[in-house]
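A.B. asks: Quick one, what's the 3D model for this:
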Amino acid sequence: MQTVVLPSGQVIKTRRRSRKSSAGWDTTKLFIGAEGTLGIITEVTIRLAPVLPTSVAFVQFPDVRKATEAVIEIMNQGVGIQCVELCDAAFMRGTNLYHASSPTPPLLYPELDSLFFKLQGPTPRSIAETAAIVKTICEKYGASGWREARGDREKEVMWRDRKNALASGLAMVDGARGWSTDVCVPVSNLPELVYETQKDIEQSGLVSTIVGHVGDGNFHSLLLFKTDQELAVARELVHRMVRRAIRLDGTCTGEHGVGMGKREYLYEELGEGTVELMKTIKKTIDPLNLFNPGKEICNFRSLSTLAKN
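C.D. replies: Okay, the predicted model is just below:
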C-alpha cells in the first residue's frame, strides 16, 4: 500500500495489501520512479523477509575483468550469495589510507582489484558449502588471498570497510571533492563496461574509485577533483561512462536517479516516444509544475544538444 498526495491536494492510495494484484495500472512504481515530480509519498507498506545467518569474505584478482567474469559464473550457480561487491585497487588503497590514522588499524588489505562477498544460508554448514564453491570459481579466474571473516567482529569490520566508500575515496586526495555517479548494464556486459571505464579513468589522470554491486550489473564511481579543470575532466568521464553503458544496453543510472544531472540522456536511453509520454503524464498530474520542478524531465532537447557539442 502507498499513500500519495497529488499537486491538487487529493490523497490517493496506489494499491491494497494483497501480495499481488492485476487491478489497474502499477501506479506504485509510477510514483516511485517519478523522483518526487508527480506526488508526495506519505505512507508505504513494506514486505519483510527473514534475515538469514551470514558470513563475509574477500578475495583479490589480477584485474577487474577477471573479477566480473568470476561473478557471472558464481551468479549462474545459484548459490547463497546475499551481496557481491567489486572494489577496485584504488578503493582498497583508499581504505588503507582511511585506516592509517588509527593506531591499530583493524585490517590492512592488499591493494588489488577485489571482490567482497556476503554469504548467507540457514546453517553454518550451508554457508561453508557456499564459500567453498565461490572460492573455487574465483581461483579459476586467477584469484588469490581468499579470506573469510573470523567471527562476528571481523565480519562487521570487513563489511563496514566496504560501506565506507565515500570516506575511503576522499581520503586519497587531501582537500578534494568527489563526483559520485553510477551506471548499470546487463551482467553479461559488465566486464567490458568496468574494464573500459577503468582504463578511461587511468588515462584521464584523475584519482577515482570504482565500487560495484556486480551481482546486478551496477557500479559506482567516485571521481576526485580540486580545480575547475579537473571538474571538466570529471564531467567528460561521466559523459563517456553513461554513453558506454547505454551502448551496452544499460542505463544512465541504476540507483542514484536522474535528478538534474542525467536528464540529457533520457532521449537516448528511452527514446522520444517514452520521454514525451512522461512529459504528458507530468503535465496532466501537475500542470503548474509545482512538484520538484526541473527534475528528471525538462528541456531534454537543448540539454542533449549541449552534451553532444
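
A.B. asks: going forward, measure contacts between C-alpha atoms and count neighbours the same way
C.D. replies: OK.

A.B. asks: Residue 147: which element?
C.D. replies: strand 144-148 (DSSP states H and E).

A.B. asks: okay, the helix or strand that that strand is followed by in CSV with CA atoms only?
C.D. replies: Per DSSP H and E, strand 144-148 leads on to helix 152-163 as the next helix or strand towards the C-terminus. C-alpha atoms of helix 152-163 as CSV (Å, rounded to 0.1, in the frame of the first residue of the first chain):
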residue,chain,number,x,y,z
ASP,A,152,31.2,-11.6,14.1
ARG,A,153,33.6,-8.7,15.0
GLU,A,154,35.7,-9.2,11.9
LYS,A,155,32.6,-9.7,9.7
GLU,A,156,31.3,-6.3,10.8
VAL,A,157,34.7,-4.6,10.2
MET,A,158,35.1,-6.1,6.7
TRP,A,159,31.6,-5.1,5.6
ARG,A,160,31.9,-1.7,7.2
ASP,A,161,35.0,-1.1,5.2
ARG,A,162,33.1,-1.9,2.0
LYS,A,163,30.3,0.5,3.1
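
A.B. asks: does residue 116 count as helix, strand or coil?
C.D. replies: Following DSSP: H, G, I helix; E, B strand; the rest coil, the label given to residue 116 is strand.

A.B. asks: ok so, going back, neighbouring strands for the strand holding residue 147, and are they parallel or not?
C.D. replies: With DSSP bridges as the test, strand 144-148 is paired with strand 54-60 (antiparallel).

A.B. asks: Following the chain past the strand it pairs with, name the next helix or strand.
C.D. replies: Next along the chain after strand 54-60, taking DSSP H and E as the criterion, comes helix 64-77.

A.B. asks: Now do the following helix or strand past that next one, average pLDDT.
C.D. replies: Next in sequence after helix 64-77, counting helices and strands by DSSP H and E, comes strand 81-87. What strand 81-87 shows for mean pLDDT is 93.

A.B. asks: again with stretch 28-36
C.D. replies: The average pLDDT for stretch 28-36 rounds to 93.

A.B. asks: What are the contacting residues of that stretch?
C.D. replies: 2, 14, 15, 38, 39, 41, 257, 259, 291, 292, 295, 296 (Cα atoms under 8 Å, 6 or more residues apart in numbering).

A.B. asks: Please point out which parts of it sit buried.
C.D. replies: For stretch 28-36, the neighbour count (16 or more other Cα atoms under 10 Å) marks 28, 31, 34, 35, 36 as buried.

A.B. asks: Over to stretch 197-205?
C.D. replies: Burial within stretch 197-205, assessed by neighbour count using 16+ other Cα under 10 Å, is assigned to 197, 198, 201.

A.B. asks: about what we covered before: just the buried ones among the contacts of stretch 28-36, please.
C.D. replies: 2, 14, 15, 38, 39, 41, 257, 259, 291, 295, 296.

A.B. asks: Now the third one: phi and psi?
C.D. replies: For residue 15, the backbone dihedrals are phi -170, psi 170 (criterion: degrees, to the nearest 10).

A.B. asks: Would you confirm that it contacts residue 2?
C.D. replies: Yes - using Cα atoms under 8 Å, residue 15 makes contact with residue 2 at a distance of 6.6 Å.

A.B. asks: Tell me where the protein has helices.
C.D. replies: Assigned by DSSP state H, the chain shows helices spanning 27-33, 64-77, 89-99, 124-140, 152-163, 165-170, 190-204, 228-247, 266-270, 272-285, 300-308.

A.B. asks: Show me what the third one is packed up against.
C.D. replies: The helices and strands touching helix 89-99, judged by 3 or more Cα pairs under 8 Å, 6 or more residues apart in numbering; DSSP states H and E, are helix 165-170, strand 208-213.

A.B. asks: Tell me which of those sits most buried.
C.D. replies: Stretch with highest mean neighbour count among the helices and strands packed on helix 89-99: strand 208-213 (a mean of 24; mean count of other Cα atoms under 10 Å).

A.B. asks: Can you list the strands that that one pairs with?
C.D. replies: Sheet neighbours of strand 208-213, with direction, are listed as strand 81-87 (antiparallel), strand 218-225 (antiparallel) (DSSP bridges).

A.B. asks: nearest to residue 57, of those?
C.D. replies: Relative to residue 57, the nearest member of the strands paired with strand 208-213 by Cα to Cα is strand 81-87, separated by 9.7 Å.

A.B. asks: The closest one to helix 152-163, inter-axis angle?
C.D. replies: Put simply, strand 81-87 runs at 50 degrees to helix 152-163, going by axes from the mean of the first three to the mean of the last three Cα atoms, to 10 degrees.

A.B. asks: Give me the buried stretch members for strand 81-87, please.
C.D. replies: By 16+ other Cα under 10 Å, the buried positions in strand 81-87 come out as 81, 84, 85, 86, 87.

A.B. asks: who's in contact with the fourth one?
C.D. replies: For residue 86, the contact set (Cα under 8 Å, 6+ apart) comprises 67, 68, 113, 114, 115, 116, 210, 211, 212, 213, 214.
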